[in-house]
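Q: this one's structure only:
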């Protein structure tokens, strides 16, 4: 195995690894001596420094792994802590699912379905660009009606909201859905807490 090929193999192994890789593991996989692997790792690391790449190969107690280049730490830190790149909480995911399947839907209807106040979650989803105001209810108060955005579809790899899996795959009973629909239409008879569909 020539030098360039060994460099490529080391990089590909590190890219696929979920934990640090030892010299012995590299040597066994690439069928070369550990000394050759160490030299290759040193060469690749120096190449990253010389070409100002955004990552390095670092030695740990159990092997080698990729790390962020020191000069990029501040930028990566901002990226990681930026709200747009953090995961949605379970309540936010549930609310987003309700909006995706029931749109256009009002804040009050969402709260009725989930059984909790959804103001902060709605604000979070709007700030992420996943939902938007799409209409006003024609009834008293003209409540804002929410729907999903093109950004939401893009994140899911969809071209249309019609490509979402059928809601029936997630809702267990047609009778519960009938009661649920009545509650959205303003039926005064409350649904039992144990009958609320888990969307």
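A: Thanks, I have it. In this text the structure is predicted, and so the values were computed from the model without any measurement.
Q: correct me, but residue 57 touches residue 47?
A: No: the pair residue 57 and residue 47 does not pass the contact test of CB atoms under 8 Å, sitting 10.1 Å apart. Using the backbone N, CA and C atoms, a C-beta is placed for each residue, glycine as well.
Q: what about these two, which has more around it?
A: residue 57 (18 against 11; other CB atoms under 10 Å).
Q: Disregarding flanking residues, what is the spatial nearest neighbour of the more buried one?
A: residue 45 (4.9 Å; CB to CB, 6 or more residues apart in numbering).
Q: and the host helix or strand of that neighbour, what's its mean pLDDT?
A: Taking DSSP states H and E as the criterion, residue 45 maps to helix 34-50. Helix 34-50 shows a mean pLDDT of 94.
Q: tell me which residues of that helix are tucked away?
A: 36-37, 40-41, 44-45, 48 (16 or more other CB atoms under 10 Å).
Q: just checking, residue 135 is part of a strand?
A: Yes: assessed with DSSP: H, G, I helix; E, B strand; the rest coil, residue 135 lies in a strand.
Q: Start and end of stretch 50-61, how far apart?
A: 26 Å (CA to CA, to the nearest Å).
Q: Report the buried residues of it.
A: For stretch 50-61, by 16+ other CB under 10 Å, it's 56-57.
Q: Now for residue 89: which residues touch it?
A: Going by CB atoms under 8 Å, 6 or more residues apart in numbering, residue 89 touches residue 121.
Q: at 6 Å what do you get?
A: Going by CB atoms under 6 Å, 6 or more residues apart in numbering, residue 89 touches no other residue.
Q: Backbone dihedrals for it, both of them.
A: Main-chain dihedrals, residue 89, degrees, to the nearest 10: phi -70, psi 160.
Q: That one and residue 162, how far apart?
A: 27 Å (CB to CB, to the nearest Å).
Q: where does the residue positioned nearest the centre of the chain land on pLDDT?
A: Nearest to the geometric centre of the chain sits residue 87, at 5.4 Å (CA atoms, centre = their mean). With respect to pLDDT, residue 87 scores 74.
Q: Next: residue 18.
A: pLDDT, residue 18: 83.
Q: what about it, distance to residue 63?
A: 12 Å.
Q: No further questions, thank you.
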